[in-house]
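Visitor: Mind folding the following:
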Amino acid sequence: MTAEIAVMNEEAVALAADSAISGPKIFTSANKIFALSKHHPVAIMINDSARFLGVPWETIIKSYRAQLGDRSFPTLREQAAHFLGFFDQPNPLFPASVQIECNGSLFARFYEAIRSAIEEQLEKRIINGESLTRAKIERQVSQVITEVHELWTAEPDAPSLPSDHASGVMTAYGGTIERAIVTTFKKLPLSPRARQQLAEIAGALVSIRRPNPLCPWHSGVVIAGFGSEDYFPSLYPFELDTIALSRLKYSQEQPTQIGPEGDSAAVRAFAQREQVATFMEGIDVTIAEAMGAYWRYRLPELVAEVADKAGLDAKAKAKLGEDTRDWCATTVGLFDEILKERRRAVYGPIVRVVAMMPKDELAAMAESLVNLTSFKRKVTEEAETVGGPIDVAVISKGDGLIWVKRKHYFEPELNQQFFANYYRRGR
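Guide: Predicted structure coming up:
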């Protein structure tokens with residue numbers, strides 16, 4: 001996993017990221033911040049997966065940078081759109097054969113999760129002493145598949161994709177989808193309708209807006225900096241899922257705009273955000289949500305308990321519940337207001353100070369917040385998925401991208417030719 005921070009004000013944006021990368025082992029030497037252009041003040045941070053469809057993100061970014069050259073864009077939004085367009089075309093990094101292979105494994109992985117849910121339901125019925133016939137098993141299989149189908153096909157398409165993308169994938173990848181179905185479900189009885197629904201689920205996985213939590217190369221991408229006509233920094237975060245038929249499936253999170261028409265300052269965390277949210281909000285987000293949920297459900301129960309102790313009959317008890325429904329909602333709403341006030345009391349003052357910070361203090365704050373998450377992982381029983389050297393960069397309109405801290409896998413003083421050739425090489 002990853003901890004990444006962006007601290008922004010009207011002068012600059014500071015980016016900080018740890019170096020841990022998880023897999024069968026945890027390594028602490030990964031690069032997660034890159035210059036998106038060698039000539040203009042734009043950077044990119046990567047989180048979640050170190051590869052996208054099997055290609056290292058460093059290779060992807062440097063290939064894009066070579067293609068970009070010294071071209072600039074009036075706004076960062078246009079720069080971000082151009083970067084996403086790099087994937088949205090026939091690309092030698094992601095040939096059709098790779099797209100088919102990767103999406104085939106994606107379908108199989110999702111089908112395995114469906115099969116596990118089916119087997120869990122069948123096992124429960126057997127434990128309860130039920131004798132399962134083939135017809136009963138087929139109905140159970142169809143029921144689970146239908147539930148998943150309804151969940152995924154009810155979502156809107158990703159805005160970047162054509163409306164017929166799912167049907168196009170089902171047609172072009174029909175053999176791949178069928179092989180994944182046969183291999184995964186094996187002897188489980190599938191009705192023709194269930195098979196069709198599984199094919200439609202495959203189409204939805206690569207076309208709807210919802211990210212696929214089982215996608216092994218799902219990646220977070222954060223683009224920050226300035227366009228050529230931007231006077232203040234902005235930040236655009238995206239989630240990338242896959243490429244099918246040479247079309248990228250992605251979704252955009254809330255961007256951050258700094259300046260007179262936006263925010264004066266901002267602190268954004270990506271990937272493992274919990275500790276930063278606790279620092280910025282004054283309370284652990286999980287605890288705050290749990291407290292709100294507890295009172296939302298507990299207050300009506302308390303009213304019912306009072307009615308029982310008062311010896312009210314069913315009619316009077318129902319009337320009391322009806323009469324106090326608005327009161328319960330108002331009480332929970334008051335709790336929500338307390339949480340909002342906590343945010344104003346803690347978050348607001350921090351942001352007001354961030355708005356006044358010089359560039360070096362922005363960098364120090366970004367690094368400290370990554371360290372906070374790393375330290376929490378170190379002193380708890382959770383895996384140390386945040387750690388290693390912290391890379392820190394500051395991007396400003398006048399100075400461009402400045403590395404405050406940056407690790408190298410080589411000794412810089414022994415490799416002066418690397419720095420001498422940096423701008424001569426495309427990448």
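Visitor: Which other helices and strands does the helix or strand where A304 lies contact?
Guide: Take DSSP states H and E as the rule and A304 turns out to sit in helix 285-309. The helices and strands touching helix 285-309, judged by 3 or more Cβ pairs under 8 Å, 6 or more residues apart in numbering; DSSP states H and E, are helix 274-281, helix 314-323, helix 325-354. Using the backbone N, CA and C atoms, a C-beta is placed for each residue, glycine as well.
Visitor: Please name every helix or strand in contact with the longest one.
Guide: Right, the one you point to is helix 325-354. Using 3+ Cβ pairs under 8 Å, 6+ apart: helix 325-354 touches strand 3-9, strand 265-271, helix 274-281, helix 285-309.
Visitor: Tell me the confidence at F335?
Guide: The model reports F335 with a pLDDT of 69.
Visitor: With Y294 instead?
Guide: For Y294, pLDDT reads 77.
Visitor: coming back round to it: roughly how far out does the helix holding A304 sit from the chain middle?
Guide: How far helix 285-309 lies from its chain's middle: 31 Å, per Cα atoms, centre = their mean, to the nearest Å.
Visitor: quick one: buried residues of that helix?
Guide: 288, 295-296, 299, 303-304, 307 (16 or more other Cβ atoms under 10 Å).
Visitor: In TSV, list the helices and strands packed on helix 325-354 along with distance to G129.
Guide: Below are those laid out as TSV (distance: least, Cβ to Cβ, whole Å):
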stretch	distance to G129
strand 3-9	50
strand 265-271	46
helix 274-281	44
helix 285-309	33
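Visitor: mind checking which of these is nearest F419?
Guide: Closest to F419 of these is strand 3-9 (Cβ to Cβ; 25.7 Å).
Visitor: Can you work out which other helices and strands pack against the following helix or strand past the closest one?
Guide: Downstream of strand 3-9, the next assigned helix or strand under DSSP H and E is strand 12-17. Packing partners of strand 12-17 (3+ Cβ pairs under 8 Å, 6+ apart): strand 3-9, strand 33-35, strand 42-47, strand 219-225, helix 359-378, strand 391-396.
Visitor: Out of those, indicate the one that is most buried.
Guide: strand 3-9 (a mean of 28; mean count of other Cβ atoms under 10 Å).
Visitor: Could you find the closest non-adjacent residue to D308?
Guide: K317 (7.5 Å; Cβ to Cβ, 6 or more residues apart in numbering).
Visitor: got it, and R115?
Guide: T184 (5.6 Å).
Visitor: how far out from the middle of the chain is the lengthiest helix in the chain?
Guide: If you go by DSSP state H, the chain has its longest helix at helix 96-127. Distance, stretch centre to chain centre, for helix 96-127: 22 Å (Cα atoms, centre = their mean).
Visitor: In it, which residues are buried?
Guide: So, applying 16+ other Cβ under 10 Å, buried residues of helix 96-127: 98-100, 102-111, 114-115, 118, 122.
Visitor: From F410, how far off is K32?
Guide: 18 Å (Cβ to Cβ, to the nearest Å).
Visitor: I figured P159 hits F238, correct?
Guide: No. Using Cβ atoms under 8 Å, P159 is not in contact with F238; the gap is 12.0 Å.
Visitor: the more surrounded of these two?
Guide: The residue with more neighbours, out of P159 and F238, is F238; 19 against 9, by other Cβ atoms under 10 Å.
Visitor: Which helix or strand contains the more buried one?
Guide: Going by DSSP H and E, F238 is in strand 234-244.
Visitor: Which elements pack onto that strand?
Guide: Against strand 234-244 (3+ Cβ pairs under 8 Å, 6+ apart) you get helix 76-85, helix 96-127, strand 219-225, strand 247-252, strand 256-257, strand 265-271.
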